[in-house]
Structure formats: structure tokens, C-alpha cells
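Trainee: Task: produce atomic coordinates for the following.
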Amino acid sequence: MTEYTKDVADRVLRILQASGQVDETKMTEIMVQAESRSSRALALLMETKPDPDDPGKPPAAMVEEELVVNILSRAYALRRKNLAPSDVAKDALTSVPKDMIDREHILPFAREGRFLRVATVDPTKATLANQIKALSNQNVEFFLIKPSEFAACMGHEDVQASLGQKKKEEAAAAPAAEAPRPAPRRRSAYDIDDPTVVIKFVDDILEQSVTTDTSDIHIEPYRETARIRFRINGVLQAQDQFSDFLFHNYLAVITRLKILADCDIAEKRLPQDGAITFKAPDGEDVDTRFNVLPGKNGERICIRLLKGDPSLSIEKIGFKEADLKKLIDAITAPQGMVLVTGPTGSGKTTTLYGALQYINDPGTNIMTAEDPVEYYLEGLGQTQANEKIGLSFSSILRAFLRQDPEVILVGEIRDQETVEIAVKAALTGHLLLSTLHTNDAISTISRLLNMGVPSFMISAALSLVVAQRLARKNCPDCLVPDENATPAALEYIGFTAEEVQAMQPRKGSGCASCEGTGYKGRQGIYEVLRVTPEVEETILKQAQAPEILEAARLDNFMTMQEVGRDYIRDGVLCLEEFTRVLVVN
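Mentor: Just a heads-up that it's a prediction; the model follows:
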């Protein structure tokens, strides 16, 4: 059976242990048997063996292949495929050289239009997409399959016959033997041995990040390679075209970026923060936030691209009509506190600036304290926090109260001092907008209580809480039935048996319009909690979350899971994306 690589096996073992699929005692026992090799340990867990306590029981594995493939599918955002030898098309199999198929343990199995479908056991092989595209002249889409399926397909006589024929054709087309020469390096658009190309290389990384609508750039060194990943639509995607040059010129690239970010190029032992501003291809200035962090194999860098002008109005970011009305009522009120919660990258700042854009007019004094200032909006007084010189959110808030504002935005409520000033501002005739890191709208109330805010002040100051996530939308041009959305899977995420019978879940199959991903654009998933008199009453008596939820239901409150299920029913989201971004209650 094909073994997983160390990095992949490490990740699977961590998830298996964290989820309780394998307890700590059993994991220790397996690691001892495997001599601390994670790849071997995972193989032992997946090995089918008879039960010594019950010889009559059919042989079984401690961890089923299906579970491992599902874990990897979710962890690496690759689609799952059930593959039989009869599914392998000869024209697809011959699109890639046989030695590459054998070396990389990949299996091209279908050609559909301009797309080549490739199966693999190892999700990290998806980084070969550009290389395969150059060889086959087709866009490449990877699918995860079970090791047993890979072995069955590769061992099938029809597949072997096709590969044997391909090898003969390649041998016949090969030129006569020549004197041995050094193996060429992988093709690169940059001269690996010319360090003067570094400036152009860095410029190309930054420009491509803008044209691909990237939110973050990750630059990472490893023992035998280096890579760049772009976060696009919330998912990291490897950019293999940069890897060779980056690996051979890593220090020069890091130094160039440090110079651009105004960081100390001699300091390699401590983390550093900076900022880079560069010109986009259209001539606009793009601001970024820069961080460099020392690591075992060298310094790694993360660059966050800041958006510039807010492009979406509040009516266009995906709120349901009833929830939008609640939000508009809250932000047009003369005072109160509106909080937006969610993890990093869930679109909180976009929502807040959509709200500010809606209420921004010459008759309103709006002040913002941010770290960093991600959007520029004409008519706002925007201040960048700087903890190094003592310019914290709390000190900026105090100063704001002397600037006669009607509306105050605080980038994030991080500590007790900031939340106390924010609540007092909301109680003294100001509208205060901010963000908080909580899992959902209901738990925001518990978080404020834990930060030391008295319940009577929360009930008086808090107007509205918006919890949100961002999910990738199905591409509307290639919708097909979602084979992963089985009745059992749909019921697991909250659908009733009657609802399952009446619906047809969809997903994108991949086409030219979505570049073979099956996704196009993103959909906000929001839950909006308005502090009604009933909710206020539960806050005052410090009720638990279920009781607050029951009070919120009287105001037609919907959880993010319920909203997400609506989107699955409407074909906007697929099941896989729902489970990627939302916790299943």
C-alpha cells in the first residue's frame, strides 16, 4: 500500500488524536511499533487485521481509509473521488509521461474538455498542477482517492497495458544515446544563478498577488525546497512557478522584502513587523502589512494585502433582507454598540466599512481606530494604532471622546480597558462599532461578561451582534448533483429526513469559468442578534446560551448553520464548503 508522506501523516495523526478517533494510549503504542515514523504509524492504523479477541469477526482496520481520505479532503481543500479501474480513460493516462506517473504516484484518469483529472493518494501532489499543465497543455484538477483504489487501478491489466504502450512510444521517440550530461533543473521563468533577478522576482510576486485577488502571501523555507502560497478565496494555493528561484536565492529574496518593509536586515533572531506599499498593474497604490518570523529552516514571511477603497455597499454583501433591516436600524440609531464577530479572514472589516459607507455624510463625525487601516474612506477620521509608542486602542478611544464624534469604530476589542471605554462611549450618546473574536453571536454576550462588563451595562449598551463566515460559492456555470451530499451527511448537519427528500444539493464540477475549481466568488453567512427586550432580560439575569437563543428566536433569529443550510438547499453552497467553514452543532 502507498504510504503517506511524513507531513501528511503527521497532520492526519494529529486530527485523529484531537477528534478522539485514536486515544493517546493506542497512539503511543502504534508510534513505538512504527519506531516514531509517522508515515509507518498511519499505515499500521489503516492495516486490515483480524481481531485477536474475536477470530470469527471479519478483519478490519483501526482507522478506515475512508476516514483518512475525508480528513485529507477537508484539510487540503481537495475533492474526493471513488475511482475504479473502469473509470480510467486511456487518453488521459497517456497525457503524462509514464516515468512521472511512477515517480510521483499520480494517476490521470479523465479528460473533459480543457481539463485533465488526476487522482492521487498524497494531497501535496497538487503542487504538480503547473508542471502537468506544461506537459499536457490542459488545465489540471486533482482528486483524492484511497490507497487501495490507487493500487487496484495501477495493478489492473488495462491500465498496465496502456502505460506499457506509452513507454514504448516514448522510447521510440527518444533520440539516440548521447554522452551523459547533468540532469537539468526544473524549468523556471527566472535565471536561478543570477541574483540580480531578485528585484524583478519580488515585483512579480507582488503583482501576481493583486491580479489573482490574493488576501495573504506566505513565503516559507524548508530543508530541501521553498514555496510561496497565495490565500485566494480563503484557501491557500501553492505558486510552484516561484519555487526553484526562491529556494536557490532565499536569503536575497528575504533581504529584498525586508528592505521594502523598512525592517532590520541584520536581525534574524526576532520577529519583525513592517509595511510595504507598491504599485499594482493598474497604477494604484497597494498597501500591505508585513511580518517576518524566525523558523527552524530560516525566516518565513506573511504579507497581508490591504484593500484600499471599500468596494461593496452593505446591501450587496449577502445579508438576508430581514437581517439587513436589523443592521440598518442599529447603525442609524443615535447611540449603541454594534459588534461584528468571526475568525480572521471572515470579512468583518468589509461589513463594518459597508456600515460606515451607508451612514457616512458631511453632517456626521466618524472616527476610526484600526491596526492596520485596511480601507480608505473619504470623510472619516482614521487613526492607526501603534502599541510600540503607547498609541493603543484604549488611548485613542479616550482622545476620540474629546473630538466630538457621533460614530466611533474600534478595529478590535482586545482587553478590559478598551471594552470599558467602548461601553461607556455607547452609553453616552455615541454609536460604537467594533469586532470581537467569538464563535457566534450568542457567545459574544458571555465574552463581554468574562471581560468584566456588568450585565446591566451590556443590556443597556449593546444593540446588535453580527457573527459571520465567508464560504466559496458554487460556480453557476458547472453545477452538478453533489455526490457527497448523502442523506446521512445532510441529516448530520441538521436537515430533517423530509427536507432531504425534497432537495437536490449541487456543487460545481469545474469549468473554464472557475478555472476548474468548481467555485466562483464568495458568500457571506451571517447571523444577526438584535438585543430585544426579551434578550435584554436574559442578559440581566446572566442566563446561559440556550436561554438567550430561545429569547432571540422570538425576533426570528437564525443561526449561521440554519442560514448555511438554506444556501445548500438553494444550490449556492456545496456540502463540503459548509462543513469547511461552519461548526456542525
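Trainee: Following the record's annotation, map out the domains of the protein.
Mentor: 1-51, 71-170, 195-305, 314-469+523-561 (automatic domain parsing).
Trainee: Among those, which comes closest to L582?
Mentor: Smallest distance to L582 across the domains of the chain (C-beta to C-beta): 5.7 Å, for domain 314-469+523-561. For every residue, glycine as well, the C-beta is placed using N, CA and C.
Trainee: about what we covered before: for the domains of the chain, give me CSV that also has mean neighbour count.
Mentor: Formatted as CSV, the domains of the chain follow (neighbours: other C-beta atoms under 10 Å):
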stretch, mean neighbour count
domain 1-51, 16
domain 71-170, 17
domain 195-305, 17
domain 314-469+523-561, 18
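Trainee: Kindly state which of these is positioned closest to C511.
Mentor: Of the domains of the chain, nearest to C511 by C-beta to C-beta is domain 71-170, at 7.6 Å.
Trainee: how far is that closest one from where the chain is centred?
Mentor: 25 Å (C-alpha atoms, centre = their mean, to the nearest Å).
Trainee: End to end on stretch 274-290, go ahead and measure it.
Mentor: 5 Å (C-alpha to C-alpha, to the nearest Å).
Trainee: and for that stretch, what are the contacting residues?
Mentor: The contact list for stretch 274-290, computed with C-beta atoms under 8 Å, 6 or more residues apart in numbering, reads 203, 206-207, 210-211, 257-258, 260-263, 273, 291-292, 301-306, 308, 372.
Trainee: got the contact list for the closest residue to A385 other than its chain neighbours?
Mentor: Nearest non-adjacent residue to A385, counting by C-beta to C-beta, 6 or more residues apart in numbering: D371, 3.9 Å away. When contacts are counted by C-beta under 8 Å, 6+ apart, D371 touches Q384, A385, N386, E387, F393, G411, E412.
Trainee: Lowest average confidence across helices and strands of the chain, where is it?
Mentor: Each helix and strand of the chain was given a mean pLDDT (mean pLDDT, DSSP states H and E); the minimum falls on helix 157-173 at a mean of 71.
Trainee: mind listing the strands for the stretch 301-450 of the chain?
Mentor: For the stretch 301-450 of the chain, the strands defined by DSSP state E, counting those that start in this stretch cover 336-341, 366-370, 380-384, 407-410, 431-436.
Trainee: Keeping just the C-alphas, turn the second one into CSV.
Mentor: The C-alpha atoms that make up strand 366-370 are tabulated as CSV, following Å, rounded to 0.1, in the frame of the first residue of the first chain:
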residue,chain,number,x,y,z
ILE,A,366,-17.0,59.4,12.2
MET,A,367,-13.7,58.5,13.8
THR,A,368,-11.9,55.1,13.4
ALA,A,369,-9.1,53.4,15.4
GLU,A,370,-7.5,50.5,13.5
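Trainee: between that strand and strand 431-436, how many degrees?
Mentor: 20 degrees (axes from the mean of the first three to the mean of the last three C-alpha atoms, to 10 degrees).
Trainee: Run through who's touching strand 366-370.
Mentor: Counting by C-beta under 8 Å, 6+ apart, 356, 359-360, 379-385, 393, 396-397, 400, 403, 405-411 sit against strand 366-370.
Trainee: do the same with the shortest one
Mentor: Taking contacts as C-beta under 8 Å, 6+ apart, the residues outside strand 407-410 that touch it are 352, 356, 359, 364-370, 393, 397, 400, 418, 422, 425, 430-434.
Trainee: got it, and the last one?
Mentor: Contacts with strand 431-436, where a contact means C-beta under 8 Å, 6+ apart, come from 331, 333-342, 348-349, 352, 355-356, 406-413, 422, 425-426, 444, 447-448.
Trainee: could you pull out the strands for the stretch 1-150 of the chain?
Mentor: Secondary structure of the stretch 1-150 of the chain (DSSP E, counting those that start in this stretch): strands located at 79-80, 106-112, 115-120, 139-144.
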